[in-house]
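> sequence first, then the predicted structure, then my questions.
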Amino acid sequence: MFAEVQLKLVPHSRGEESTVYSRLLNEKSASEKIRVSIEEHRQVDVLLEELADMSPRDEEWSAKVHVLADMVGHHVDEEEGELFPMARAVLSAREAAQIAAEYEQARDEAMQAMIGEFEEAEEVEEVEGEEERGAA
Ligand SMILES: [Fe+2]
């Protein structure tokens, strides 16, 4: 369940940063907004990493999930309400379509890489579990 949240948010961030954001950082009118969005991605990363090391039983879990949900909601509103309209204003339709396709590819690659990491971590856990059972 938490892994699904990570898989939704992290590839989105990495995909945008390497495509849409890196292109719009060159635009004077958009660069400050982009820097804010990059910082929001970073704050989301920090919360996700903290949550990944915690258990839902921990006292701070629900507070962190609450803040994460607020941050993501705010970020999405800003992207859809301000950033994407700004992008459409400075990019030609053709470039916008090209960047959208690049974003999707970068996001999907980041997602595949993450799934690979999750699978590796699971295998390590299984081996460790077997070793522990073997030692007992
Ligand atoms: Fe974003």
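Sure thing, it's come through.

> would you map the helices across the protein?
2-16, 22-24, 28-52, 61-78, 84-90, 93-135 (DSSP state H).

> which residues does the closest residue to Q6 other than its chain neighbours contact?
Of all residues not flanking Q6 in the chain, L48 sits nearest, at 5.6 Å (Cβ to Cβ, 6 or more residues apart in numbering). To be clear about C-beta, it is placed using only N, CA and C from the backbone, and glycine gets the same treatment. Contact analysis of L48 by Cβ atoms under 8 Å, 6 or more residues apart in numbering lists 5-6, 9-10, 68.

> before we move on, the earlier item: need the helices of the chain in CSV with mean pLDDT, can you?
Converted to CSV, these look like this (pLDDT from 0 to 100):
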stretch, mean pLDDT
helix 2-16, 95
helix 22-24, 95
helix 28-52, 96
helix 61-78, 97
helix 84-90, 92
helix 93-135, 91
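
> for A69, give its distance to M111.
Noted for A69: a distance of 21 Å to M111, by Cβ to Cβ, to the nearest Å.

> more neighbours: which of these two?
M111 (17 against 12; other Cβ atoms under 10 Å).

> any buried residues in stretch 108-126, and which?
110-111, 114 (16 or more other Cβ atoms under 10 Å).

> what's the burial count for A96?
A96: 17 neighbours (other Cβ under 10 Å).

> surely it meets A89?
No. In this structure A96 lies outside contact range of A89 using Cβ atoms under 8 Å: 9.9 Å.

> ok, and the closest non-adjacent residue to F118?
A3 (6.0 Å).

> how close does the one you found get to E39?
Counting by Cβ to Cβ, the gap from A3 to E39 is 25 Å.

> when those two are compared, which one has more neighbours?
Between A3 and E39, counting by other Cβ under 10 Å, A3 is the more crowded of the two (13 against 10).

> go ahead and confirm that one touches E117.
No. Assessed by Cβ under 8 Å, A3 is found out of contact with E117, at 10.3 Å.
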